[in-house]
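Quick one, what's the 3D model for this:
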Amino acid sequence: MYGLGLSLYEAAALKNPFKSKVDKTQQAVTYGAILFEQVPDLGTAYSDEFKQAISQMMNKDFQKRPTAKQMLESQL
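The predicted structure is shown next:
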């Protein structure tokens with residue numbers, strides 16, 4: 001589910017939310033961002049429901065992420 005949220009975010013923002021701003025050889029920086037940083041806000045171009053769905057799918061705690069079935073049954 002996290003991967004789907006990440007893909008939707010990238011498609012909407014046209015960038016990776018955690019892409020390291022340094023040389024590609026420093027992947028540890030990107031991995032640390034994935035683990036500890038908040039997902040950047042998408043701004044006002046998208047509905048609150050869409051942004052909330054992405055936020056839920058990209059929850060750092062996998063036990064708090066919705067299942068595919070829950071997402072399909074949601075009102076989004």
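
which stretches of the protein form helices?
Assignment of helices within the chain using DSSP state H yields the ranges 2-13, 27-36, 48-57, 68-73.

Please tell me how far Leu8 sits from Gln38.
Leu8 sits at a distance of 16 Å from Gln38 (criterion: C-beta to C-beta, to the nearest Å). Heads up, the C-betas are built off the backbone N, CA and C, glycines and all.

again with Asp48
Taking C-beta to C-beta as the measure, Asp48 and Gln38 are separated by 17 Å.

From Lys51, how far off is the nearest residue to Asn16 once chain neighbours are set aside?
Across the structure, with C-beta to C-beta, 6 or more residues apart in numbering as the measure, the residue nearest Asn16 apart from its sequence neighbours is Glu10 (5.7 Å). Glu10 is 14 Å from Lys51, where distance means C-beta to C-beta.

between the two, which one's more packed in?
Counted by other C-beta atoms under 10 Å, Glu10 and Lys51 do not tie: Lys51 has more neighbours, with 19 against 13.

quick one: low-confidence parts of this structure?
Within the chain, the stretches falling below the threshold (pLDDT under 70) are 20-25, 76.

Tell me how far Leu72 lies from Leu4.
Using C-beta to C-beta, one obtains 12 Å as the distance from Leu72 to Leu4.

When those two are compared, which one has more neighbours?
The neighbour count for Leu72 versus Leu4, taken as other C-beta under 10 Å, is higher for Leu4 (15 against 9).

Show me the one of the helices of the chain that comes nearest Lys19.
The minimum distance between Lys19 and the helices of the chain falls on helix 27-36, with 6.6 Å, by C-beta to C-beta.
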